[in-house]
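Q: Below: sequence and its predicted model.
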Amino acid sequence: MMKSVKKHDRKRDERFAFAVIKALSLTTALVLLLIIGYITWNAIPALNWQFVAGTPGDPLNTGIWPMAVNTLLLVVLTLAIALPLGILAAVYLKEYVREGPFVSVVRSATENLAGMPSIIFGLFGLVFFGKMLGLGWSLANGTLTASIIILPTIMRTTEEALKSVPQSYREGSLALGATRWQTVKKVVLVSAFPGIMSGLMLAIGRVVGETAALMFTLGSSDRVATSLMDSGRTLAMHLYMLAHEGLSVEGAFATAFVLVVVVLAVNVTAEMLANRALGRGGRQIGR
Amino acid sequence: MAGETGSRSMVRAEGLNLYYDKLHALKDVDMEVPKNSVLSLIGPSGCGKSTFLRTINRMNDLIPGVRVQGKVEVDGSDIYDPSCDVIDLRRKVGMVFQKPNPFPMSVYDNVAYGPRVHGIKDRAELDSIVEKSLKDAALWDEIKDRLKKPALGISGGQQQRLCIARTLAVEPDVILMDEPTSALDPISTGKIEELIDELKKRYTIIIVTHNMQQAGRISDRTAFFLLGQVIEEGPTYDIFHRPADKRTEDYITGRFG
């Protein structure tokens, strides 16, 4: 008797737990949809070709073209610095040196760096790159500061991705007489590629979404930066300024819309690249 | 230098001791492996047979805290001498692992990997090395239409023969095999055993196995390891039919292990 009652309870609990979990995961998706929907709805009035391709100097004072270009410039330049640095640092830590005091010092430094609020880096960039090195408010300063911000993210995710590469790949390669560097280049990094890609996506997200640290370093000029010493403004900063200074709420929403589209496009591209790399390998690795 | 006389030792260990930090994993191991023969290493888990195998291509170098004393010679040269180039050594001493470990790339690229890292770029030359290696590994007929397919998509038995082909492609003198059939079904195992029989005509093979019948079927000589020591080494027939040591007899008759 007792037994059957218990059994009934267990089944009911199971159904209940399942329903709760399902509802919660649906909520996550709904929140995202709600935000995107809300932004889109509010952006529609201001969204037109002139808005995307125009400049703030236009009569309506709403174009975001320079900000879009500056955002792209900042992302590309930042990645050009932080990606090789972060990946090679992770390769060094994981593939070349043995666990020891040196590695743990570097690793905990990286972790602390990753947890630091970005405004701190902004302040550092303002004083160090801006004043001491004389870069002022410029693309160069913004790029260096943003590179420091995303470096730990790239290092950590790359290291995790390298950890997920089976040791048997390394052994197989070394046993054939390959050097460590050949092993890293031809086998390890290829297998770790999807993981590195997801780190890259996170990093791009951080650069695209950064505002405070960039105001200190990149400045806020609303023209396209044509040299490294030019000041600029990214989409996220533009959005902040439009909303904060009450210039144009529709403009802010329309900028937000473009920003979301850009981030989604980046994610989809990264995903596709990762899948193509996997397709060559033939199996899901490291994910 | 190699192969002046048919019966000289290809691999020779003398007073070999190995420590993992404080653990004394190999104790005064002496071993002679004649050229073009198959030596089986048997013994219970943790007895040091895989460790011994991995001293011969210095794969133990990868493990932190390993110390090696004594002498190991491959083809007459001391491989723990500071002047020994590990890259060259591993080219001469190939290794097949317990679990098939093809790289996540195509069948062709797997076999061409070794020649490529050693600097061969010419397409025609690579093509012929790949074909020859796959033929020598008895895989060509099954796989020749799927050279561009991912190596991880072929069966486990085929993957292991692919790993053998990959090893053959760099033309080693010695092939080390660490329980190469323990993850395979009986039919694939049979194929690999036939292959070993064929390969010993040209290569010196040292194989770790937990399968007594396998050791009996494929090897010329057998060495029995226990707690890091070689208890007995000799012609396979003798080890299995008239072991000199009681512990060898107990092990091969299944009384422990």
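A: The structure has been received and is ready for your questions. Remember, it's a predicted structure, so these values are computed and weren't measured experimentally.
Q: Can you report how many residues neighbour the residue of the stretch 51-200 of chain B found nearest chain A?
A: Closest to chain A within the stretch 51-200 of chain B is residue B:150: 2.2 Å, counting by Cβ to the nearest Cβ. Yep, even glycine has a C-beta here, placed from its N, CA and C like the rest. Number of residues near residue B:150 (other Cβ atoms under 10 Å in any protein chain shown) recorded here: 21.
Q: was I right about it contacting residue B:103?
A: No: counting by Cβ atoms under 8 Å, residue B:150 does not reach residue B:103; the two are 9.9 Å apart.
Q: hey, what's the residue of the stretch 51-200 of chain B closest to chain A bridged with?
A: residue B:106 (DSSP bridges).
Q: What values do phi and psi take at residue 15?
A: Unless you meant another one, I'm taking chain A. Dihedral angles of residue A:15 (phi, psi; degrees, to the nearest 10) stand at phi -60, psi -40.
Q: That was the other one, I meant chain B.
A: phi 50, psi 40.
Q: Residues of the stretch 51-200 of chain B that sit close to chain A?
A: Within the stretch 51-200 of chain B, the positions lying close to chain A (Cβ under 8 Å from any Cβ of the partner chain) are B:57, B:59, B:62, B:64, B:87-91, B:94-95, B:97, B:99, B:101-106, B:113-114, B:117-118, B:149-153, B:163, B:166-167, B:170.
Q: how about low-confidence regions in the chain?
A: Defaulting to chain A. Segments of chain A classed as low confidence (criterion: pLDDT under 70) are A:1-7, A:56-62, A:277-287.
Q: The chain in question should be chain B.
A: Scanning chain B for pLDDT under 70 picks out B:1-7, B:256-257.
Q: Helices of the chain, start to end?
A: In the absence of a named chain, chain A is used. In chain A, the helices defined using DSSP state H lie at A:2-43, A:49-53, A:65-91, A:101-115, A:118-124, A:139-163, A:167-175, A:180-183, A:189-209, A:212-217, A:235-244, A:249-281.
Q: Hmm, no, I was thinking of chain B.
A: So, for chain B - with DSSP H - the helices run B:49-56, B:86-92, B:107-117, B:123-136, B:140-143, B:156-168, B:186-199, B:212-218, B:236-241, B:246-252.
Q: can you pull the contacts of residue A:254?
A: Neighbouring residues of residue A:254 by Cβ atoms under 8 Å, 6 or more residues apart in numbering or on different chains: A:43, A:46, A:47, A:51, A:62, A:64.
Q: count of neighbours near residue B:36?
A: When neighbours are defined as other Cβ under 10 Å, residue B:36 has 18 of them.
Q: Ramachandran angles for it?
A: phi 50, psi 40.
Q: these two touch, right, it and residue B:201?
A: Yes: with contact defined as Cβ under 8 Å, residue B:36 counts as touching residue B:201 (6.5 Å).
Q: Apart from its chain neighbours, what residue comes closest to residue A:55?
A: Counting by Cβ to Cβ, 6 or more residues apart in numbering or on different chains, the nearest residue to residue A:55 once its immediate chain neighbours are dropped is residue A:63, at 4.5 Å.
Q: Pull up the gap between the one you found and residue A:53, please.
A: Distance, residue A:63 to residue A:53, by Cβ to Cβ, to the nearest Å: 7 Å.
Q: Which one of the two is surrounded by more residues?
A: Legend: neighbour count by other Cβ under 10 Å for residue A:63 and residue A:53, higher for residue A:63 (20 against 12).
Q: what residues does chain A put near chain B?
A: Residues of chain A lying close to chain B (Cβ under 8 Å from any Cβ) are A:98-99, A:166, A:168-179, A:182, A:186-187, A:190-191, A:280-283, A:285.
Q: Emit the ChimeraX select command for whichever of those residues are buried.
A: Remark: buried members of the residues of chain A next to chain B, expressed as a ChimeraX selection using 16 or more other Cβ atoms under 10 Å in any protein chain shown:
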select /A:166,169,170,171,172,173,174,175,176,177,178,182,186,187,190,191,281,282,285
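Q: Show residues contacting stretch A:86-99.
A: With Cβ under 8 Å, 6+ apart as the test, stretch A:86-99 has contacts from A:103, A:106-107, A:150-156, A:158-159, A:162-163, A:180, A:183-184, A:188-189, A:196, B:64.
Q: for stretch B:41-52, that is, sorry about that
A: By Cβ under 8 Å, 6+ apart, stretch B:41-52 touches B:13, B:16, B:18, B:25-27, B:29, B:31, B:53, B:60, B:178-179, B:206-210, B:212, B:215, B:222-229, B:231, B:251-252, B:256-257.
Q: how long is that stretch end to end?
A: End-to-end distance for stretch B:41-52, by Cα to Cα, to the nearest Å: 9 Å.
Q: Quick one: distance of that stretch to the chain centre.
A: 13 Å (Cα atoms, centre = their mean, to the nearest Å).
Q: check contacts around residue A:214.
A: Residues near residue A:214 by Cβ under 8 Å, 6+ apart: A:74, A:122, A:142, A:145, A:146, A:234, A:236, A:237.
Q: ok now do the residue nearest to residue B:97 when sequence neighbours are not counted, which residues does it touch?
A: If the residues on either side of it in the chain are set aside, residue B:97 comes closest to residue B:178, at 5.5 Å by Cβ to Cβ, 6+ apart. Residue B:178 is in contact with B:50, B:53, B:54, B:95, B:96, B:97, B:98, B:208, counting by Cβ under 8 Å, 6+ apart.
Q: repeat for residue B:17
A: Contacts of residue B:17 (Cβ under 8 Å, 6+ apart): B:24, B:26, B:27, B:28, B:29, B:68, B:69, B:70.
Q: any idea which of those has the most stuff around it?
A: When neighbours are counted by other Cβ under 10 Å, residue B:26 leads those with 25 neighbours.
Q: Please tell me how far it sits from residue B:20.
A: Here residue B:26 is placed at a distance of 10 Å from residue B:20 (Cβ to Cβ).
Q: Over to residue A:102?
A: 22 Å.
Q: Looking at these two, which is more packed in?
A: Higher neighbour count among residue A:102 and residue B:20: residue B:20, with 15 against 11, using other Cβ under 10 Å.
Q: what's across from that one in the sheet?
A: Beta-bridge partners for residue B:20, by DSSP bridges, are residue B:23, residue B:66.
Q: Pretty sure it sits against residue B:54.
A: No: judged on Cβ under 8 Å, residue B:20 makes no contact with residue B:54 at a distance of 11.4 Å.
Q: so what's residue A:139 up against?
A: By Cβ under 8 Å, 6+ apart, the neighbours of residue A:139 are A:70, A:73, A:74, A:77, A:218, A:225, A:227, A:228, A:229, A:230, A:231, A:232.
Q: Could you tell me which of those residues count as buried?
A: Neighbour counting with 16+ other Cβ under 10 Å marks A:70, A:73, A:74, A:77, A:218, A:225, A:230, A:231, A:232 as buried within these.
Q: For chain B, state which of the residues you listed is nearest.
A: residue A:77 (32.1 Å).
Q: State the distance from that closest one to residue A:241.
A: Residue A:77 sits 22 Å away from residue A:241, going by Cβ to Cβ.
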